[in-house]
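Asks: With the sequence up front, the predicted model follows.
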Amino acid sequence: MAWYGTSTAALSTALYDVGASCGQCYEIACDAARAADARWCRAATVTVTATNLCPPNPALPASGGGWCNPPRAHFDMAQPAWGQIGASYEAGIIPVLYQRVPCSPWRQGGVRFTVRGSNYFELVLVSNVGGSGSVASAWVKGTATDRTPMSRNWGANWQSFVGLAGQALTFGVTSTGGQTIVFTNVAPPNWEFGMSFISNLQFTR
């Protein structure tokens, strides 16, 4: 997700919550008190967006390579983001302190919709979500079809099974912060699979 820059992380199973955490923002700091060498830590924080799952590796123990195994909380961070809190790549895995934070300060522009799929199957990535950063529910309506609830396919991808080709698309999205926004005709009638559309609306919670 290039529009998030390099401030991204894949979350371990315990944090990923079957994809419900996709898009959320976390402020992370290196925990010098728990680090094997305090010099591995920078006195700074970095805010990252959760964009993927760090898959577990049950063949390895959680403390010996299976860093993303449940119930361990782990952030597999993009290297530039890690470099803001880690002083030496020789450290590899460093202990961290983290907290979930609002995404609004880290989002530019409106919510983004990327439509993929095929006839009678629409897979819509809802991204660049401000406020809570993640989506609780969504629906879609074409200019010639009724409003249809969408279901989570994986991560921040929501699916519907309606023939919507040739229709302008309106999406209703409720964030995990409880705010609902209707994005009216955000995709024009001549949209095609693979296209992305940026709205002029944004979540604040």
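Replies: Noted; the coordinates are in hand. For clarity, every value in this text was computed on a predicted model and none was experimentally measured. Residues are numbered from 1 along each chain as shown.
Asks: Just give me the residue right at the centre of this structure.
Replies: In the chain, the centroid-proximal residue (C-alpha atoms, centre = their mean) is G23; its distance is 2.2 Å.
Asks: and that one, helix, strand or coil?
Replies: At G23 the chain is in coil, as set by DSSP: H, G, I helix; E, B strand; the rest coil.
Asks: Surely it is in contact with V129?
Replies: Yes: applying C-beta atoms under 8 Å, one finds G23 in contact with V129, separated by 5.0 Å. Yep, even glycine has a C-beta here, placed from its N, CA and C like the rest.
Asks: Now list whatever residues contact both of those two.
Replies: 103, 135, 156 (C-beta atoms under 8 Å, 6 or more residues apart in numbering).
Asks: Turn those residues into TSV, columns for pLDDT and neighbour count.
Replies: TSV is the format used below for those (pLDDT from 0 to 100; neighbours: other C-beta atoms under 10 Å):
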residue	pLDDT	neighbour count
C103	95	26
V135	98	25
A156	96	26
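Asks: Can you dump the C-alpha atoms of stretch 120-133 in PDB for me?
Replies: Extracted as PDB, the C-alpha positions of stretch 120-133 are listed here (Å, rounded to 0.1, in the frame of the first residue of the first chain):
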ATOM      1  CA  TYR A 120     -20.900 -10.700 -10.100                       C
ATOM      2  CA  PHE A 121     -18.000 -10.600  -7.600                       C
ATOM      3  CA  GLU A 122     -16.700  -7.200  -6.400                       C
ATOM      4  CA  LEU A 123     -13.700  -7.200  -4.100                       C
ATOM      5  CA  VAL A 124     -13.300  -3.600  -2.700                       C
ATOM      6  CA  LEU A 125     -10.200  -2.500  -0.700                       C
ATOM      7  CA  VAL A 126     -11.200   0.300   1.600                       C
ATOM      8  CA  SER A 127      -8.100   2.100   2.600                       C
ATOM      9  CA  ASN A 128      -6.600   5.400   3.800                       C
ATOM     10  CA  VAL A 129      -9.200   5.400   6.600                       C
ATOM     11  CA  GLY A 130      -8.800   8.100   9.200                       C
ATOM     12  CA  GLY A 131     -10.100   8.100  12.800                       C
ATOM     13  CA  SER A 132     -10.000   4.500  14.100                       C
ATOM     14  CA  GLY A 133      -8.300   3.400  10.900                       C
END
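Asks: Any buried residues in it, and which?
Replies: 122-133 (16 or more other C-beta atoms under 10 Å).
Asks: tell me the mean pLDDT over that stretch?
Replies: For stretch 120-133, mean pLDDT rounds to 97.
Asks: per-domain residue ranges of this structure.
Replies: Per the record, the chain has its domains at 2-101, 106-198, by automatic domain parsing.
Asks: Quick check: the residue lying farthest from the centre of the chain vs S175, distance?
Replies: Note on the chain: the largest separation between a C-alpha and the mean C-alpha position, by C-alpha atoms, centre = their mean, falls on D37 (31.8 Å). As for D37, its distance to S175 is 40 Å (criterion: C-beta to C-beta, to the nearest Å).
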